[in-house]
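S.K.: here is a sequence together with a model predicted from it:
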Amino acid sequence: MQWIEVSIVCERVATDEVTTLFDDYADNGIIEEDIEEQPNLIKLTLYADPILDADVIKEDLEKRLIEANITVKSIDAHILDESTWLNSWQQYIEPTEILPNTVIKPAWQEYDNVDNKTIIEIDSDISFGTGSHETTRTCAELLKVYSESMDLDKVTCLDIGTGTGILLLVAAQLGIKHLVGIDIEEYAANQAKINCENNEVHAEIICGNLDTDFEGTAQLILANLTVDPLKILLPQIGKKLEDNGILIISGIIDDRYDEILPYITEHWHIIEERVAGPWHTFALEKL
Ligand SMILES: C[S@@+](CC[C@H](N)C(=O)[O-])C[C@H]1O[C@@H](n2cnc3c(N)ncnc32)[C@H](O)[C@@H]1O
């Protein structure tokens, strides 16, 4: 698998404006780096899934910058192979407290656990889900809130688009016993299995499609995806969610909010919506 590295150098004061402009390409977040001897400048880098051509992304970003009347010092987009991406990305991921007292520690980073926090160790390989992204964090927060009133011994938690399995590991930490993760990508399903084993969490991990490869039902379902798969999956998820169950969805960026909203309200009652940066996360129940 390949990735597109996109880098923009701009005035530090323009950081927020520029990151908002290209946030929807940055599933894995945006890296901010100082530039030596030029403290007024900042380098912003993201790794985009190469669904589009690097040149197309660059042209699109240049157009957005012009429309927003923002001048940058430079902009570059080029393809990286998987191993280069790994080396580029992993060095920036830091241990992060995803919930109070629960720290996600990248397997390749040191963490001095002076406060005796609960540690979930994640080897992210090339799968999304290191805990640094707003969508993962907000799903974890809502998972905590809505699992509190459930019988944790009996609940099944299904994580659609499990990635590294991070949300299953958080669910296990919260006390949920029956855990199922599903991902269409084989590398993600394999990584989720490894992370569950390494954290001594028992979970069923399925590589496949929700409709055809998961036959059960669940009282708690998580789906931190993007708008396109959510549009397809939102009706299917209804059949897998128990009647008193809660569905938590995320991965909805500001720009596509109006587009997804009718798909949500057609089948679901919105209990709660949280916004973190440009990302929207919902807790839903069946209508
Ligand atoms: C944004 S990541 C979320 C990872 C993790 N759950 C988290 O919250 O950090 C989305 C994941 O969904 C997977 N995915 C995308 N479309 C899917 C689909 N239709 N069914 C299952 N998984 C899907 C991707 O392979 C990716 O691993």
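M.R.: Everything's here; your move.
S.K.: who in the stretch 101-250 of the chain is up against the ligand?
M.R.: 127-129, 133, 136, 139, 159-163, 166-167, 182-185, 188, 210, 224-225, 229, 233 (CB under 6 Å from any ligand atom). (Each C-beta comes from the backbone N, C-alpha and C, glycine too.)
S.K.: for this structure, give me the ranges with low pLDDT.
M.R.: 1-2, 27-29, 50-52, 81-93, 124-132 (pLDDT under 70).
S.K.: okay, now the domains of it?
M.R.: Residue ranges for the domains of the chain, per automatic domain parsing: 2-90, 96-286.
S.K.: which one of the ones you listed is the most hemmed in?
M.R.: Comparing those by mean neighbour count (mean count of other CB atoms under 10 Å), domain 96-286 ranks first with a mean of 19.
S.K.: and the gap between the residue of the chain most remote from its centre and the ligand?
M.R.: Ranked by distance from the centre of the chain (CA atoms, centre = their mean), the top residue is Glu37, with 34.1 Å. Between Glu37 and the ligand the computed distance is 37 Å (CB to the nearest ligand atom, to the nearest Å).
S.K.: likewise for Leu261?
M.R.: According to CB to the nearest ligand atom, Leu261 and the ligand sit 20 Å apart.
S.K.: what's the first helix or strand after the helix or strand hosting that residue?
M.R.: Assigned by DSSP states H and E, Leu261 belongs to helix 257-267. Downstream of helix 257-267, the next assigned helix or strand under DSSP H and E is strand 268-276.
S.K.: that following strand: how far from the chain's middle?
M.R.: On the basis of CA atoms, centre = their mean, to the nearest Å, strand 268-276 sits 17 Å off its chain's mean C-alpha point.
S.K.: pairing partners for whatever helix or strand comes next after that strand, with directions?
M.R.: Using DSSP H and E, the helix or strand that follows strand 268-276 in sequence is strand 279-286. Strand partners for strand 279-286, identified by DSSP bridges, are recorded as strand 241-253 (antiparallel), strand 268-276 (antiparallel).
S.K.: tell me if strand 279-286 is near the ligand.
M.R.: No: against the ligand, strand 279-286 shows no contacts by CB under 6 Å from any ligand atom, the least distance being 10.0 Å.
S.K.: quick one: residues in contact with that strand.
M.R.: 134-135, 138-139, 142, 145-146, 224, 238, 241, 243-254, 257, 264, 267-275 (CB atoms under 8 Å, 6 or more residues apart in numbering).
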